[in-house]
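**Student:** Sharing a sequence plus its predicted fold:
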Amino acid sequence: MSVTFDLRLDDGRITAVWMLGSFLVVFLVTRGITRLIRAGRGPFRDTSVGGVHVHHLVYGIALMLLAGAGEFIYRPDGGWRTVLAVAFGAGAALALDEFALWLRLADVYWSDEGRLSVDAVLMVTVVGTLLVLGANPFGTNGEDGALGVALSVILTTGAAITAAFKGKIVTAIIGVFVPPVALLGALRLARPTSPWARRRYSPGSRRDLRSRRRYPDGARNPWDRVVDLVGGISRKP
């Protein structure tokens, strides 16, 4: 079980670079503008139609629909393909920046729950970067054959799913592309609030107590600090 990278540049890879670049730039610009609006600085204001606040995810969904329709119907090459890739990346950034609102069906943008939006964007960025680099999560050599590929898929997917159930979502996603990371997440202690811990760690058991010591309430990790920096949202103590 290994991961391979293909760094050769082709039209598909270049299109992916444009899409990922557009995604990152639009997300960062959007976060900057929303922070200015929240602080009451600059010329930017929330958009309302008939007293209804129009969230920017609406524009994002519209952009993705238009870009997707253009790609499927016209199958353009060259410059127009790049335009559609940039439009789709921009739309995805606008939509995912309010991912928590999809999930909660409430305006939780600046709340603790709103951190899910930044989590989603950062995870998509990680996956997108790995795809741009040509990461193949099921890399096998020519001698492995169908059995080797099947075993690689089963082991990698199983480890990633286990890591996710243990509350290690980021580890699970990265682990799909870097199998040793998924395996490490699957073997390590689950977070106390995870589905795995709730089902398998009896209250007061040795593993439950170890998990709570390792992941105490209010504990912060490097990922939390990145979310705070990028999103401007601080986790509640």
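**Tutor:** Arrived safely.
**Student:** quick one, strands of the chain?
**Tutor:** For the chain, the strands defined by DSSP state E occupy 2-4, 48-49, 52-53, 136-139.
**Student:** and the third one, average pLDDT?
**Tutor:** The predicted model assigns strand 52-53 a mean pLDDT of 88.
**Student:** Low-confidence stretches in this protein?
**Tutor:** 1-7, 135-146, 148-149, 233-237 (pLDDT under 70).
**Student:** make it 80
**Tutor:** Along the chain, the model assigns pLDDT under 80 to residues 1-9, 112, 130-131, 134-153, 169, 177, 217-224, 227, 232-237.
**Student:** With adjacent residues omitted, what lies nearest to the residue nearest the centre of it?
**Tutor:** Compute the mean C-alpha point of the chain, and by Cα atoms, centre = their mean the closest residue is Met123, 2.5 Å away. Leaving aside its chain neighbours, Met123 sits nearest to Ile173 (5.3 Å; criterion: Cβ to Cβ, 6 or more residues apart in numbering). All C-beta spots, glycine's among them, are computed from the backbone N, C-alpha and C.
**Student:** Which residues are in contact with the one you found?
**Tutor:** With contact taken as Cβ atoms under 8 Å, 6 or more residues apart in numbering, Ile173 is in contact with Met123, Val126, Val127, Ala160.
**Student:** Pretty sure the first one sits against Lys168.
**Tutor:** Read that as Met123. No - taking Cβ atoms under 8 Å as the definition, Met123 is not a contact partner of Lys168, at 11.9 Å.
**Student:** hang on, the earlier thing: which of the contacts of Ile173 sits closest to Asp112?
**Tutor:** Met123 (18.0 Å; Cβ to Cβ).
**Student:** distance of that closest one from Phe99?
**Tutor:** Per Cβ to Cβ, to the nearest Å, Met123 is found 10 Å from Phe99.
**Student:** Does anything pack onto the longest helix seen in the chain? Which helices or strands?
**Tutor:** For the chain, the helix with the greatest residue count under DSSP state H is helix 11-39. Judged by 3 or more Cβ pairs under 8 Å, 6 or more residues apart in numbering; DSSP states H and E, helix 11-39 is in contact with helix 78-96, helix 115-132, helix 222-231.
**Student:** and with 6 Å instead?
**Tutor:** helix 78-96, helix 115-132 (3 or more Cβ pairs under 6 Å, 6 or more residues apart in numbering; DSSP states H and E).
**Student:** quick one: which of the ones you listed is nearest Arg38?
**Tutor:** Closest among the helices and strands packed on helix 11-39, using Cβ to Cβ: helix 115-132, at 14.3 Å.
**Student:** Next, the angle from that closest one to helix 222-231.
**Tutor:** 100 degrees (axes from the mean of the first three to the mean of the last three Cα atoms, to 10 degrees).
**Student:** Touching helix 115-132 from outside, list them.
**Tutor:** 16-17, 20, 27, 96-100, 173, 177, 227, 230-231, 233 (Cβ atoms under 6 Å, 6 or more residues apart in numbering).
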